[in-house]
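Trainee: here are the coordinates; sequence isn't available:
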């Protein structure tokens, strides 16, 4: 199956990450389990996706997707529906969420920040998006995402899943914990979450 690995220009890399750092951190022992949910509208002028300006906490001041931590005993799909409603007021159905990606974020200089992120897309939702304490939501054309206001890694995978790609991805952050030092993906064989997540062996380091 296709694998994509990328090594970045100085815009994305401010610190060198050697192979041993990637191998040691790509499979974290206790990453935080989080979800993202991307509502997408289909219209005559194209598709739009709902993102939001983060108001507080991790990522405050950036444009992000609705989402958050998975609560104990909660499935990723149910967590995605709950977070979407809490942050934007939209109602979605956990049974009709579309699996889109699993993104494994690794922070060699801050391992407690490691996250395993399950990403969903939904076209089946109701209500009107409203601001919350967490997000000020806004609709964006999928081919004109506000990447300059988003996390650096967003440019590497958000547009791809909105275009229909489905994959596992490893994102290794540089020492500033914001820019990307390594990015690689493994495409899924279908449109559902594979039974096993991709490993380092599936996505070899090229740094």
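Mentor: Yep, that arrived. Treat the numbers as computed from the prediction; the structure is a model and nothing was measured. Numbering: from 1, shown residues only.

Trainee: in this protein, which strand is the longest?
Mentor: strand 32-43 (DSSP state E).

Trainee: next structured bit after that one?
Mentor: strand 46-54 (DSSP states H and E).

Trainee: what packs against that following strand?
Mentor: The contact analysis (3 or more CB pairs under 8 Å, 6 or more residues apart in numbering; DSSP states H and E) places strand 46-54 against strand 32-43, strand 63-64, helix 76-88, strand 135-141. The C-beta positions use only the backbone N, C-alpha and C, and glycine is treated the same way.

Trainee: what's the angle between the longest one and strand 46-54?
Mentor: When axes from the mean of the first three to the mean of the last three CA atoms, to 10 degrees is applied, the directions of helix 76-88 and strand 46-54 differ by 70 degrees.

Trainee: and helix 76-88, how far from the chain's centre?
Mentor: 14 Å (CA atoms, centre = their mean, to the nearest Å).

Trainee: that one: which residues count as buried?
Mentor: Buried positions in helix 76-88, judged by neighbour count with 16 or more other CB atoms under 10 Å: 76-77, 79-85, 87-88.

Trainee: adding distance to residue 63 and pLDDT, write those residues out as CSV.
Mentor: Formatted as CSV, those follow (distance: CB to CB, whole Å; pLDDT from 0 to 100):
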residue, distance to residue 63, pLDDT
76, 22, 98
77, 24, 98
79, 21, 99
80, 18, 99
81, 21, 99
82, 21, 99
83, 16, 98
84, 16, 99
85, 20, 99
87, 13, 98
88, 13, 98
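
Trainee: ok, so of those, who is nearest residue 195?
Mentor: Among those, residue 76 lies closest to residue 195 (CB to CB), at 14.5 Å.

Trainee: many thanks, we can stop here.
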